[in-house]
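Q: Fold the following and give me the result.
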Amino acid sequence: MKIILDTNFLLIPAQFKVDIFSEIERICDFPFKIYILEQSVGELNKVKEEQTGKNKAAAKLALQLVKQKGLNTIKNSKKDSVDNILVDIADKDIIIATQDIELKKRLKAKNIKIITLRSKKYLKLEA
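A: Numbers count the residues shown, from 1 in each chain. Here you go, the predicted structure:
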């Protein structure tokens, strides 16, 4: 299984002090690889460059985690939003990890599995 992390999902460790990687290990009792879209890395860099305070710190930590964990990057030539790309590429072999309410609705309509943060403390896999 491929698990693709949405940009906002990578901000969880800084915002809520939740280790998303150990949580994913806890809830996924099957083999998986974690991926990130090339565009998400771009979004994080943009936040790091243009914002201040908590958002900047969260983006910095997210980028460090991407490097530390050696996340696989999905290259995509589409000039579209991260959400639209995720909806386009999602299928039965892909789980999307996101906090985005609109994106979750679109993915559920396609019967795509989703990982979300619950109670600001732990992750949950929704089929």
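Q: Strands of the protein, residue ranges please.
A: Taking DSSP state E, the strands of the chain run over residues 2-5, 33-37, 72-74, 94-97, 113-118, 122-126.
Q: wait, which of those is closest to residue 23?
A: Checking those against residue 23 by Cβ to Cβ gives strand 122-126 as the closest, at 4.0 Å. Bear in mind the C-beta positions are built from the backbone N, C-alpha and C, glycine included.
Q: what lines up beside that closest one in the sheet?
A: Paired neighbours of strand 122-126 in the sheet (DSSP bridges): strand 113-118 (antiparallel).
Q: Enumerate the positions of the strand it pairs with that are buried.
A: For strand 113-118, a neighbour-count test (16 or more other Cβ atoms under 10 Å) marks 113-117 as buried.
Q: Show the average pLDDT along stretch 94-114.
A: Mean per-residue pLDDT for stretch 94-114: 97.
Q: List the contacts of it.
A: Here stretch 94-114 makes contact (Cβ atoms under 8 Å, 6 or more residues apart in numbering) with 1-6, 8-9, 12, 20, 24, 28, 32, 83, 86-87, 90-92, 115-117, 123, 125-127.
Q: of those, buried ones?
A: Among those, those classed as buried by 16+ other Cβ under 10 Å are 2-6, 8-9, 12, 20, 24, 28, 83, 86-87, 90, 115-117, 123, 125.
Q: mind checking how far the closest residue in space to residue 61 that isn't next to it in sequence is from residue 60?
A: Leaving aside its chain neighbours, residue 61 sits nearest to residue 14 (4.5 Å; criterion: Cβ to Cβ, 6 or more residues apart in numbering). According to Cβ to Cβ, to the nearest Å, residue 14 and residue 60 sit 8 Å apart.
Q: Not counting its neighbours along the chain, what's nearest residue 71?
A: Nearest to residue 71 is residue 36, by Cβ to Cβ, 6+ apart, at 4.8 Å.
Q: which residues touch the spatially closest residue to residue 58 that is not a sequence neighbour?
A: Nearest residue to residue 58 in three dimensions, chain neighbours excluded: residue 14, at 3.6 Å (Cβ to Cβ, 6+ apart). Applying Cβ under 8 Å, 6+ apart to residue 14 gives the contacts 54, 57-58, 61-62.
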